[in-house]
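Enquirer: need coordinates for the below:
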Amino acid sequence: MTATTYRLTQYAHGGGCACKIPPGELEAIVAGLIGAGSPDLLVGLDDGDDAAVVRINGDTAVLSTADFFTPVVDDAYDFGRIAAANALSDVYAMGGRPVLAINLLGWPRDLLPTELLREVLRGGLDIAAEAGCPVAGGHSIDDPEPKYGMAVTGIAHPDRLLRNDAARAGQAITLTKPLGVGVLNNRHKSTGEVFEQAIASMTTLNAAACAAALGAGLSAATDVTGFGLLGHLYKMARASGVTAVIDAAAVPYLDGARQALADGFVSGGTRRNLDWVRPHLDFRVGEDELLLLADAQTSGGLLLAGEIATGGAAGLGPRGAVIGEFVPRQDTILRVR
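Expert: Model prediction:
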């Protein structure tokens with residue numbers, strides 16, 4: 001068997017950000033586990049934001065984050081690129097610039113050849129180079145399942161952060177990448193079909209969207225990953241004390257996503273996402289639409305409070321897609337119309 005015949009997704013129980021511990025379960029686990037406070041810790045665990053932020057001086061804050069997961073595609077090089085873009089996204093979601101990354105790697109040495117491992121690392125290195133972020137070593141373990149990602153350090157101005165608790169009533173909700181990679185990746189894992197549109201979306205950096213958000217003076221953002229659009233929007237609206245109203249017809253999807261849903265390629269992570277937000281959700285759409293909105297994304301776009309003039313990605317054009325608005329807090333935190 002040659003290296004090209006290995007299907008990486010078959011060596012893991014799940015794939016990508018759909019492998020996250022369910023959001024409700026995770027929140028219960030970490031509740032109260034907060035370390036010693038500091039006036040310079042600007043963003044910590046409280047609202048589950050995308051990265052921790054500590055102020056170094058009046059002009060500089062340091063951002064710290066880590067992200068890794070099991071293969072979401074079979075191709076080793078693409079897996080590395082996707083995992084790196086996903087890890088770097090947490091820095092962009094906070095309004096920062098990545099300045100250093102280190103690899104996080106688990107590899108089943110007795111099952112998969114080292115040339116595949118090298119391709120994973122090469123993919124991560126190429127995406128980091130595109131981001132202008134050096135990669136300096138990392139840590140590896142012998143693991144029953146392949147896993148890859150990065151710990152990333154970034155910098156930002158402490159007064160120009162993008163936070164998930166800063167959305168305000170009256171602001172538009174903007175999404176900078178289409179949804180649907182979750183159902184497409186699940187189909188890929190099951191059938192081996194390759195969806196280039198999903199790979200292109202997942203390997204697109206959120207750097208331009210971050211720059212556009214900062215240029216427009218926005219202050220609230222998160223990225224859309226394993227908890228789906230509904231899960232991440234719920235966290236954002238809850239932390240900000242507002243209600244998010246989504247226009248379901250305005251939400252963009254990758255080609256093939258609706259067919260993958262219709263054919264039953266829905267991950268357990270997506271269903272857990274919907275179960276988590278359902279008590280806080282008022283909706284006028286069908287169950288299939290809700291599943292797409294809860295679809296567990298990997299390396300998704302930015303979710304912004306406000307509109308941007310430039311910086312859209314993955315086929316959405318320079319303004320992204322306005323998919324709703326934030327309104328004053330109502331009985332439910334999420335509304336889908």
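
Enquirer: what about the stretch 1-150 of the chain, any weak spots by pLDDT?
Expert: Scanning the stretch 1-150 of the chain for pLDDT under 70 picks out 1-4, 15-20, 35-36.

Enquirer: where along it do the helices fall?
Expert: Counting by DSSP state H, counting those that start in this stretch, one finds helices in the stretch 1-150 of the chain at the ranges 23-30, 76-93, 114-130.

Enquirer: just want the angle from the second one to helix 114-130.
Expert: I take that to be helix 76-93. Between the axis of helix 76-93 and that of helix 114-130 there is an angle of 30 degrees, by axes from the mean of the first three to the mean of the last three CA atoms, to 10 degrees.

Enquirer: now swap in the first one and tell me
Expert: For helix 23-30 against helix 114-130, the angle by the same axes, to 10 degrees is 90 degrees.

Enquirer: keeping just the C-alphas, turn helix 23-30 into CSV.
Expert: Once non-C-alpha atoms are left out, helix 23-30 reads as follows in CSV (Å, rounded to 0.1, in the frame of the first residue of the first chain):
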residue,chain,number,x,y,z
PRO,A,23,-20.4,22.9,24.4
GLY,A,24,-22.8,22.4,27.3
GLU,A,25,-20.7,19.6,28.8
LEU,A,26,-17.5,21.7,28.4
GLU,A,27,-19.0,24.7,30.1
ALA,A,28,-20.1,22.5,33.1
ILE,A,29,-16.6,21.1,33.3
VAL,A,30,-14.7,24.4,33.4
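
Enquirer: which residues touch that helix?
Expert: 20-21, 45, 48, 227, 231, 235, 272-273, 275-276 (CB atoms under 8 Å, 6 or more residues apart in numbering). C-betas here are computed from N, CA, C, even on glycine.

Enquirer: in it, which residues are buried?
Expert: By neighbour count, and taking 16 or more other CB atoms under 10 Å as the criterion, the buried residues in helix 23-30 are 23-24.

Enquirer: domains of the chain?
Expert: Domains of the chain are assigned by automatic domain parsing as 3-156, 172-336.

Enquirer: got the contact list for Ile56?
Expert: Contacts here follow CB under 8 Å, 6+ apart; on that basis Ile56 touches 40, 62.

Enquirer: roughly how far does it sit from Cys210?
Expert: Distance, Ile56 to Cys210, by CB to CB, to the nearest Å: 20 Å.

Enquirer: next one: Lys177
Expert: Lys177 sits 13 Å away from Cys210 when distances are taken as CB to CB.

Enquirer: quick check: neighbours shared by those two?
Expert: Between them, Lys177 and Cys210 share the neighbouring residues Leu302, with contact defined by CB under 8 Å, 6+ apart.
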